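Student: Here is my input; please provide its structure:
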Amino acid sequence: MIKRFAVAAMLALVLGTVAMSAEAQNAIFNNTLMPQPAHLTVQSGGLVITPQFTAGADKFHDTRLDAAIARALFRLKTQTGVQIVTVPTTGAAILTVSVDGAGEAIQGLDENETYSLDVTSSGAHLKAATVVGAMRGLETLLQLVQVQGSGFFLPAVSIEDTPRFRWRGLMIDVSRHFQPVEVIKRTLDGMAAVKLNVFHWHLSDDQGFRIESKAFPKLTGLGSDGLFYTQDQAREVIAYARERGIRVVPEFDIPGHALSWMVGYPELASGTGPDHGGPYQVERQYGIFDPVMDPTRESTYKFLDLFIGEMAEIFPDPFMHVGGDENNGVQWKANPRIQEFMKAHDLKDTSALQTYFNQKLLPILKKHGKTMVGWDEIFAPGLSKDAVIQSWRGFDSLAATAKAGYRGILSAGYYLDHIDSAERHHLVDPLPASSNLTPEEQARILGGEACMWSEHVSPRTIDSRIWPRTAAIAERLWSAQSVNNVDDMYRRLWVQSMRLEGVGLTQLSAEGVGLRQLSGTAQIEPLRVLASVLQPVGFDQRYEMQHTSQLTPMNHLIDAVRPDPPSRHGMQVLVREYLANHDADSRAELAAMFESWIAAGPKAQALMVAAPLLQDPEPRAQQLADLGTAGLEALQYLEKHEAAPSRWTQAKLVVIDQAAKPVGLVRFTVLGPLGDLVKAAGGQ
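Tutor: Okay, the predicted model is just below:
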């Protein structure tokens, strides 16, 4: 008996597994996967993570696949604390990765990202047609890790997974506020973790030109304030992205939003006079400006031909974004020579002239192996069907392009700088159920992109503006349309947010850094309580209230607090559950929360009065205590099963209304459900 047990134990050690406890065998699988896979079957039991856990490829492998397996093993080791070897094995492995081939030499739109994953008590098997598919499966495997007592295991599951959309992107504007290479790299790690596959790099705009051109050195020499990526750095980012199965699509915004080009090369502009409407300088303000490229001169296209050829050597992706948005046409209308050109070519308006520009640009892009991508405004009669339209105007605009025979990408509803909730982003669909597009037209909708315009971000704050909300967008673009339960999405989102910090992002820790810097003290717990129920005002409100420009410091309370923090949806759920059935647990959580607000308010106020950068939002501290009092008293009335006096109800609703007014560029996240609680206490 003893000998038989010893043999079994030795066998388990060799296999990298141990017998699971009865509790673990019967444990309910806690599904925190994000994005949700297409098909998931759960069995009983699982695979315990031990120091003998190994992983390796049994068929095809190359340096990219080996590196992906090694990164996964390192993260598994970090996540579990189990001392596993992080070098892929060449022999039998606990996790076998079977890949058919490398995939496309240059990752493209049709790269096969499908994978399957089977986990049993004796091992795991990941199958994929390509290395990129294997990368997607490795991310799922890391998300499967569960706690079992004092250890970790992978639940027994069978997964068949494939993305719903082929284009799942994140755009980062580095023109308004430059983002260093390390920020881009950690963003790419986050993108890979949630299975995004396109990094749209917005490299030029009125406020700065951000990539080195050796053919035209004054683009960065005069148009970047010295903040730009060298060509070697760009190649480094592209290689880093490829290692994670992510394409890099550059954007050079033309013919408008091109003021930074004209600082060094004013001959590109459409203005009149010897300096073509200049002299020009990098724009510090935000908005739509008059300078625009001259589409009537052949010299403009010769310049662009040389420039695009140079960039095509750096960026291997088959797509290149040319912007094309928000050209007000002022310089074109004011230039008599351009007006004569329009008459001679029967161009009835500036929109027609921009289409002329795009028609001249398309063969240049094709010459260098590129397909044009542009914003809504490039969609006009006469545009080649080869172009791809990225819609910031909404689904109706996107649908119109699909019906007209163009491929399209949706970004409306995914603008991260608007400070919308993850809930709102998650429910925006590139192909809503109500769509009347034919199957052929639906196939032209390639997917979508989250957009991080950078007017109001810095390298320290950008992570909290992108994450974790982008994980909700990533799920919408990967998972089935039926994955739309908001409560469940948030349950998984907060877990995913912690995982994202595990790959190097700072969206959670940055809040504490900001609060310490603002207050000048490490004793920030009262401020943390206040910050937990605050979020930034939206883009337009901040711009109007603060009159922001490129020179505005991003170091206020608005920059420290997070968009859509857990308190917003969490408060909704607690109040909803409590009012539905007077749930005791919900009441206890609400009471504890309100008491913490009451206690933190005066302490936060004392810290804010003494900190110059916190004095504008200082009234929020007293409001926090007042809101806590309103909530606690509402609970007391409800527990007594008697309606509160009408004067009390009205007084507390006034408190909530006052708290809803703009103060200090931050807004409370909890006012709606708190108002519901007060009204319920008053019998309303």
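Student: center of the chain, which residue is that?
Tutor: Thr470 (3.1 Å; CA atoms, centre = their mean).
Student: does the nearest residue to it once chain neighbours are set aside count as helix, strand or coil?
Tutor: Once flanking residues are discounted, Thr470 sits nearest to Ala450: 4.9 Å by CB to CB, 6 or more residues apart in numbering. For glycine as for every other residue, the C-beta is placed from the backbone atoms N, C-alpha and C. Following DSSP: H, G, I helix; E, B strand; the rest coil, the label given to Ala450 is strand.
Student: Counting neighbours, what do you get for Ala450?
Tutor: 27 (other CB atoms under 10 Å).
Student: And for the one 5 residues further on?
Tutor: Counted with other CB under 10 Å, the neighbours of Glu455 add up to 20.
Student: contacting residues for the residue nearest to the centre of the chain?
Tutor: Leu170, Gly190, Met191, Val194, Leu196, Leu416, Ala450 (CB atoms under 8 Å, 6 or more residues apart in numbering).
Student: And those residues, which is closest to Met593?
Tutor: Proximity to Met593 was ranked across the contacts of Thr470 by CB to CB; first place goes to Leu416, at 27.6 Å.
Student: one step back: helix or strand: which one has the residue nearest to the centre of the chain?
Tutor: helix 469-478 (DSSP states H and E).
Student: so how far is that helix off the chain centroid?
Tutor: 8 Å (CA atoms, centre = their mean, to the nearest Å).
Student: Could you give the average pLDDT over that helix?
Tutor: Taken as a whole, helix 469-478 carries a mean pLDDT of 98.
Student: and what of stretch 246-257?
Tutor: Here the average pLDDT along stretch 246-257 is 98.
Student: what's the distance between that stretch and the middle of its chain?
Tutor: 18 Å.
Student: same thing with stretch 160-176?
Tutor: Centre to centre, stretch against its chain (CA atoms, centre = their mean), the figure for stretch 160-176 is 9 Å.
Student: Pull out the buried positions in it.
Tutor: 161, 163-176 (16 or more other CB atoms under 10 Å).
Student: what's the answer for stretch 265-276, then?
Tutor: Buried, per 16+ other CB under 10 Å, within stretch 265-276: Tyr265, Pro266, Leu268, Ala269, Ser270, Gly271, His276.
Student: Filter the residues you listed down to the ones in helices?
Tutor: Using DSSP state H, no member of the buried residues of stretch 265-276 sits in helices.
Student: Could you export those as a markdown table, including pLDDT and distance to Phe357?
Tutor: A markdown table is the format used below for these (pLDDT from 0 to 100; distance: CB to CB, whole Å):
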| residue | pLDDT | distance to Phe357 |
| --- | --- | --- |
| Tyr265 | 98 | 17 |
| Pro266 | 98 | 18 |
| Leu268 | 98 | 12 |
| Ala269 | 98 | 14 |
| Ser270 | 97 | 11 |
| Gly271 | 96 | 16 |
| His276 | 96 | 16 |
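Student: Show only the entries of the residues you listed found in strands.
Tutor: Using DSSP state E, no member of those falls in strands.
Student: Which of the residues you listed sits closest to Gly226?
Tutor: Tyr265 (17.9 Å).
Student: what about stretch 261-274, how long is it end to end?
Tutor: 17 Å (CA to CA, to the nearest Å).
Student: roughly how far out does that stretch sit from the chain middle?
Tutor: For stretch 261-274, the distance to the chain centre is 36 Å (CA atoms, centre = their mean).
Student: Same question for stretch 106-117.
Tutor: 21 Å.
Student: which residues are in contact with it?
Tutor: Under CB under 8 Å, 6+ apart, the answer for stretch 106-117 is 103-104, 124-130, 132-134, 136-137, 140-141, 157-163, 166-167, 195, 197, 242, 245-247, 316-319, 446.
Student: try 6 Å this time
Tutor: 103-104, 126-130, 132-133, 136-137, 140, 159-163, 166, 247, 316, 318 (CB atoms under 6 Å, 6 or more residues apart in numbering).
Student: Then stretch 417-428?
Tutor: Counting by CB under 6 Å, 6+ apart, 413-414, 453, 469, 472-473, 476, 486, 489, 493, 536, 538-539, 563-564 sit against stretch 417-428.
Student: Could you work out the most separated pair of those?
Tutor: Trp453 and Val486 (25.4 Å).
Student: The two: which has the busier surroundings?
Tutor: Trp453 (21 against 18).
Student: didn't that one look like it was pressed against Met171?
Tutor: No. In this structure, Trp453 is not within contact of Met171 by CB atoms under 6 Å, at 8.2 Å.
Student: Can you check which helix is longest in the chain?
Tutor: helix 584-609.
Student: what's the helix or strand just after that helix packed up against?
Tutor: Once helix 584-609 ends, the next helix or strand along the chain (criterion: DSSP H and E) is helix 619-639. Where contact means 3 or more CB pairs under 6 Å, 6 or more residues apart in numbering; DSSP states H and E, helix 619-639 is packed against helix 584-609, helix 646-659, helix 671-681.
Student: Tell me the buried residues in helix 619-639?
Tutor: Neighbour-count burial for helix 619-639 [16+ other CB under 10 Å]: 619-621, 623-635, 637-638.
Student: for it, what is the average pLDDT?
Tutor: Mean predicted confidence for helix 619-639 is 97.
Student: what's it in contact with?
Tutor: Under CB under 6 Å, 6+ apart, the answer for helix 619-639 is 530, 591, 594, 597-598, 601, 604-605, 608, 644, 652, 655, 659, 663-664, 674, 677-678, 681.
Student: the inter-axis angle of that helix versus helix 671-681?
Tutor: Per axes from the mean of the first three to the mean of the last three CA atoms, to 10 degrees, the angle that helix 619-639 makes with helix 671-681 is 30 degrees.
Student: Now find how far off-centre helix 619-639 is within its chain.
Tutor: On CA atoms, centre = their mean, the centre of helix 619-639 falls 34 Å from that of its chain.
Student: what do you get for stretch 415-428?
Tutor: 10 Å.
Student: got the end-to-end distance for it?
Tutor: 11 Å.
Student: Check which residues of that stretch are buried.
Tutor: For stretch 415-428, burial by neighbour count (16+ other CB under 10 Å) applies to Tyr415, Leu416, Asp417, Ile419, Asp420, Ser421, Ala422, Glu423, His425, His426, Val428.
Student: do the same with stretch 237-244
Tutor: Val237, Ile238, Tyr240, Ala241, Arg242, Glu243, Arg244.
Student: now the last one, what's its secondary structure?
Tutor: By that I understand Arg244. Per three-state DSSP, Arg244 ends up coil.
Student: which residues does it contact?
Tutor: Going by CB under 6 Å, 6+ apart, Arg244 touches Leu188, Ala192.
Student: how much space between the closest residue to Met554 other than its chain neighbours and Lys77?
Tutor: Using CB to CB, 6+ apart and skipping the chain neighbours, the partner closest in space to Met554 is Ser458 (4.1 Å). According to CB to CB, to the nearest Å, Ser458 and Lys77 sit 33 Å apart.
Student: Going by distance to Val42, which of the contacts of stretch 417-428 wins?
Tutor: For the contacts of stretch 417-428, the nearest to Val42 is Met489 (19.4 Å; CB to CB).
Student: so who does that closest one touch?
Tutor: With CB under 6 Å, 6+ apart, Met489 has these contacts: His426.
Student: Quick check: which element contains it?
Tutor: Counting by DSSP H and E, Met489 is found in helix 486-502.
Student: Report the angle between the helix or strand that that helix is followed by and helix 486-502.
Tutor: Next along the chain after helix 486-502, taking DSSP H and E as the criterion, comes helix 509-519. Angle of helix 509-519 versus helix 486-502, following the same axes, to 10 degrees, is 70 degrees.
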